[in-house]
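> using only what follows, build the 3D model:
(chains A and B)
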Amino acid sequence: MKKLIAVLLSLAMILSLAACGSKDETTKAPDTTTQAPAPESTQAPAPESTQAPAADLSSIKVGFIFLHDPASSTYDNNFYQAALQVQKELGLKDDQFIFKWNVPESAECQDTAEEMADAGCNIVIADSFGHETYMIEAAKNYPNVQFCHATGTQSRTVNIPNYHNAFAAIYEGRYLAGIAAGMKLAELVKAGAAPKVGYVGAFPYAEVVSGFTSFFLGVRSIVPEATMKVVYTNSWFDIALEKEAALKLIGDGCVLLSQHADSEGAPKACEEKGVPNVAYNVSTINLGPNTALISSKINWAPYYKMVIEAVAKGESFATDWCGTFATGSVELTELNTKAAAAGTQEAIDKAMAELKAGTLKVFDTKNWTLNGAHLTEYLADVQDMGDFKPETNVIIDGAFIESGEQFRSAPYFDIRIDGIDDK
Amino acid sequence: MSDLKNMDPAPEKAAAPAPAAEEKIREPLFHIVKRADIPKLKAWGIRLIAILLALLVNALIIHWLTGLNPLAVYKSMFDGSFSTKRKFWVLLQNTAMLLCIALAVTPAFKMRFWNLGAEGQVLIGALSSGALMFYIGDKLPSSLLILLMLGAALLSGIVWAGIPALFKARFGTNETLFTLMMNYVAIQLVNTMIAIWVPSGSGVLGIMNSKSNNGWLPTVFGQKYALNIIVVGLLTVFMYVYLKYSKHGYEIAVVGESENTARYIGINVRKVIVRTAALSGCLAGLAGFLLMAGSAHTVSSTLAGGNGFTAVLVSWLAKFNPFVMILTSLLIEFLQKGAGEIAQAFRLSSDIADIATGIILFFIIGCEFFLNYRIMFRHKGKEGK
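Modelled structure (predicted):
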């Protein structure tokens, strides 16, 4: 070991001598620092936040933990782009935002989170569901650092003030994307196709079930006779499996597809087969110029900004936070007018206005049945005690109350409603 | 036809040297000769040159691809392991886990039993000890539970490696494929058990017994990883002695060199194969136990993280010497931590860091060629000299 270190050290010295003569002094090339110069120049007008006394952001340091590399994972890229946007908007320096890719859901996550705390981060944010228990352990060890975890379920039960969960009411976005799908499906049905939709899901987990059900209800609001077949890949990220699942659904006669999995497998399969597709987290128009309709996505920038500003002011913030249309967290990507049916944008706008006004509820019990019956009560596992026992009635005033301040940010709708076949 | 015409100039060129060849049977430009033995100092000199070259090539490639100062990149590579105490401990822990698996595959490889199933053997060890935590984790005192977990992990590792070994000893099946396939069985078994244990369907088990810490190895010297590291350290010494000074070690070496010789001198080859493979699986199971009880406290299909295969490289590079394996596993973990740090410090895609570590490994493995073979260049005439 000593030998190796000695060798490497001496090498470093030799190289340093060599480097003096060369033009290595230009430390950074344009291609790697596309983001870097921007914040510098925008520093002056940066504090555009509406609060009069802008918080002092110089002490802020945020560590971001990613499950995969954003270069290949659309899911992680969605977080990464939001972080870059926030860095730019708040005029933070490069060393105030540190990123770590490929952090597995194991002890390495806790090590990484604690390394970031060691390095002076006052906020650490992890993006994958399986990071949660490790983030909780790190939060216990570093009570003065805020640990934020996207998609997690335990902050309301572990009661650690510096441990936070966050999610968004993405089911509303999914519903609107479902309307775009429904409009297209109506067009296909008119041309003689069967009203059958396919969905590639990751795991048979509430987040996925809630996502495909809200999407399906959006479709049904336009095509009431529609049915949907769901295939699970049992993996969050597997390009080959997702593509295979998509092809299987198309082979089974599904005329329109959507997915909740993190790769480009399904959109590509759809483009190959000429089947319309609705995506998630990222616009796939570049992958499927003729078939991609629209995507719903969570914009994490509002949450990041809220957290950073709260920490800078020394204020506490919610341990369980749920973004909405109002916070700017739930978004739709650009509609691909080339592939979408006529009148889609108008239909989406109308439904969005109703959702915002509260006159339309996605999980209104009038719109769906379980074994032919409209539910009036449903116990969901909202309080995550690790026992997987449902304890809270979430059907109130004729609607299933999904993700929000009332119960929990992470989804808990896990009912397989009539019309959806996930077997 | 016109195509053929186009090709005309080429044969001419090729034909040109022919007359020269006729004059005298010329030696090729160089040829390769096996080295009998090489002095230690010279061997280390060659390795040093290889690392120097690797760093130089890396520096050029990094600068060419990213425009970064290679020195700053190398500095952050060191920071990945040595800038804080925690990072150093994590380096030691990761090294210990990789080393443990490398020690596991070593006796099998020395016997030329190509155990590519360490990944699955680690998983099955972690899974079986995790199953005990899941089902009786709160019913037993922690110390008793830990002992049972250890037993279960070792036993399941033995079974996982023993099945292919029995088939090889009985029916002469190919152990390379068999052990490899057993990995997939283990992965699916892990996924199935998680699906049963986690009814919400998320596929994530999370930390087990995080409140009671039942079935967690105790903290030693205030360091949660210290015990893992000590256990693997002792195992390294054991493996060295076992291979070098024990009768078993001798039998392994003979069976590896020639089964017929082994038979001739009265070694029960079948027994040695099964026993050695079982030991291999047993130690991989131990690695699974250490991951479950000593660090991750969970199981997932990616728990071993490819270390079951990297371990083969570690063992091979060290020529099956357990003490040299400390070095090789440390090098690989150092490179991996360094790669992660580079990606973080310069916001690069992890691919660049992987390229950098790949180049270093390429040179280090490549230099072994020059340690085993000598390149003889063509002599320039004047043979009388």
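> gap between the closest residue to residue B:84 other than its chain neighbours and residue B:107?
Among residues not flanking residue B:84 along the chain, residue A:118 sits closest, at 5.3 Å (C-beta to C-beta, 6 or more residues apart in numbering or on different chains). For the C-beta atoms, the positions are set from N, CA and C on the backbone; glycine is no exception. Look at residue A:118 and residue B:107: by C-beta to C-beta, to the nearest Å, they are 39 Å apart.
> picking that back up, for burial, what's the neighbour tally of the residue nearest to residue B:84?
15 (other C-beta atoms under 10 Å in any protein chain shown).
> and if you look at residue B:352?
19.
> what is the helix or strand in which it is found packed up against?
Taking DSSP states H and E as the definition, one finds residue B:352 inside helix B:350-372. On a contact count with 3 or more C-beta pairs under 8 Å, 6 or more residues apart in numbering or on different chains; DSSP states H and E, helix B:350-372 meets helix B:40-66, helix B:307-317, helix B:322-346.
> run through the residues that contact residue A:185.
A:193, A:195, A:197, A:219, A:222-223, A:226, A:255-256 (C-beta atoms under 8 Å, 6 or more residues apart in numbering or on different chains).
> which stretch among the helices and strands packed on helix B:350-372 comes nearest residue A:173?
helix B:322-346 (31.3 Å; C-beta to C-beta).
> around chain B, pick out the residues from the stretch 51-200 of chain A.
Neighbours of chain B within the stretch 51-200 of chain A, by C-beta under 8 Å from any C-beta of the partner chain: A:69, A:71, A:94, A:98-102, A:104-108, A:111, A:114-115, A:118-119, A:129-130, A:132-134, A:136-137.
> any quick PyMOL command for the buried ones out of these?
Applied in PyMOL, the following selects the buried portion of those according to 16 or more other C-beta atoms under 10 Å in any protein chain shown:
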select buried, chain A and resi 69+94+98+99+100+101+102+104+105+106+107+108+111+114+115+119+129+130+132+133+134+136+137
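> show me the residues of the stretch 51-200 of chain A next to chain B that map onto strands.
A:98-100 (DSSP state E).
> which regions of chain B lie under the pLDDT threshold?
B:1-27, B:379-385 (pLDDT under 70).
> of all residues in it, which one is closest to chain A?
residue B:67 (2.2 Å; C-beta to the nearest C-beta).
> give me the number of residues near that residue?
By other C-beta under 10 Å, the residues close to residue B:67 number 16.
> ok, so of the contacts of residue A:185, who is nearest residue A:423?
residue A:197 (15.9 Å).
> distance of that closest one from chain B?
Separation of residue A:197 from chain B (C-beta to the nearest C-beta, to the nearest Å) stands at 21 Å.
> list the contacts of the residue nearest the centre of chain A.
Geometric centre of chain A, nearest residue: residue A:298, 5.1 Å, by C-alpha atoms, centre = their mean. Residues in contact with residue A:298 (C-beta under 8 Å, 6+ apart) are A:78, A:167-168, A:170, A:173, A:281, A:323, A:329-331.
> who's in contact with the nearest residue to it once chain neighbours are set aside?
In space, and not counting its chain neighbours, residue A:298 is closest to residue A:168: 4.5 Å by C-beta to C-beta, 6+ apart. Contact analysis of residue A:168 by C-beta under 8 Å, 6+ apart lists A:298-299, A:322-324, A:327, A:329-330, A:403, A:409.
> in stretch B:148-155, what counts as buried?
Neighbour-count burial for stretch B:148-155, counted by 16+ other C-beta under 10 Å, picks out B:148-150, B:152-155.
> adding secondary structure, write the residues you listed out as CSV.
Shown next, in CSV, are the buried residues of stretch B:148-155 (DSSP: H, G, I helix; E, B strand; the rest coil):
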residue, secondary structure
B:148, helix
B:149, helix
B:150, helix
B:152, helix
B:153, helix
B:154, helix
B:155, helix
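> up against chain B, what does the stretch 201-350 of chain A have?
Counting by C-beta under 8 Å from any C-beta, the stretch 201-350 of chain A sits next to chain B at A:203-208, A:234.
> and these, which two are the farthest apart?
A:206 and A:234 (15.4 Å).
> what about those two, which has more around it?
Ranked by neighbour count (other C-beta under 10 Å), residue A:206 and residue A:234 place residue A:206 first, with 22 against 17.
> circling back: residue A:81 versus the residue nearest to the centre of chain A, what's the distance?
In terms of C-beta to C-beta, residue A:298 sits 12 Å off from residue A:81.
> and the residue nearest to residue B:179 when sequence neighbours are not counted, how many neighbours?
Nearest residue to residue B:179 in three dimensions, chain neighbours excluded: residue B:117, at 3.1 Å (C-beta to C-beta, 6+ apart). For residue B:117, the neighbour count with other C-beta under 10 Å is 33.
> where does chain A dip in pLDDT?
In chain A (pLDDT under 70), the answer is A:1-55.
> what ranges does it have for its helices?
Along chain A, the segments classed as helices by DSSP state H run A:2-21, A:37-41, A:74-90, A:107-118, A:132-141, A:155-158, A:170-190, A:206-220, A:239-251, A:265-273, A:301-313, A:344-357.
> hey, which of these is tucked in deepest?
Highest mean neighbour count of those: helix A:206-220, a mean of 26 (counted as mean count of other C-beta atoms under 10 Å in any protein chain shown).
> packing partners for that helix?
Against helix A:206-220 (3+ C-beta pairs under 8 Å, 6+ apart) you get helix A:170-190, strand A:196-201, strand A:227-232, strand A:256-260, strand A:420-421.
> can I get the longest one in PDB? Just the C-alpha atoms.
As requested, the backbone C-alpha atoms of helix A:170-190 are provided in PDB (Å, rounded to 0.1, in the frame of the first residue of the first chain):
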ATOM      1  CA  ILE A 170     -48.300  14.300 -10.100                       C
ATOM      2  CA  TYR A 171     -51.600  12.300 -10.400                       C
ATOM      3  CA  GLU A 172     -53.200  15.600 -11.700                       C
ATOM      4  CA  GLY A 173     -50.500  15.900 -14.400                       C
ATOM      5  CA  ARG A 174     -51.000  12.200 -15.300                       C
ATOM      6  CA  TYR A 175     -54.700  12.800 -15.600                       C
ATOM      7  CA  LEU A 176     -54.100  15.700 -18.000                       C
ATOM      8  CA  ALA A 177     -51.700  13.600 -20.000                       C
ATOM      9  CA  GLY A 178     -54.400  10.900 -20.000                       C
ATOM     10  CA  ILE A 179     -56.700  13.400 -21.700                       C
ATOM     11  CA  ALA A 180     -54.200  13.900 -24.500                       C
ATOM     12  CA  ALA A 181     -54.100  10.100 -24.800                       C
ATOM     13  CA  GLY A 182     -57.900   9.900 -24.700                       C
ATOM     14  CA  MET A 183     -58.300  12.400 -27.500                       C
ATOM     15  CA  LYS A 184     -55.900  10.400 -29.600                       C
ATOM     16  CA  LEU A 185     -57.600   7.200 -28.700                       C
ATOM     17  CA  ALA A 186     -61.000   8.600 -29.700                       C
ATOM     18  CA  GLU A 187     -59.400   9.400 -33.100                       C
ATOM     19  CA  LEU A 188     -58.100   5.900 -33.400                       C
ATOM     20  CA  VAL A 189     -61.400   4.300 -32.300                       C
ATOM     21  CA  LYS A 190     -63.200   6.300 -34.900                       C
END
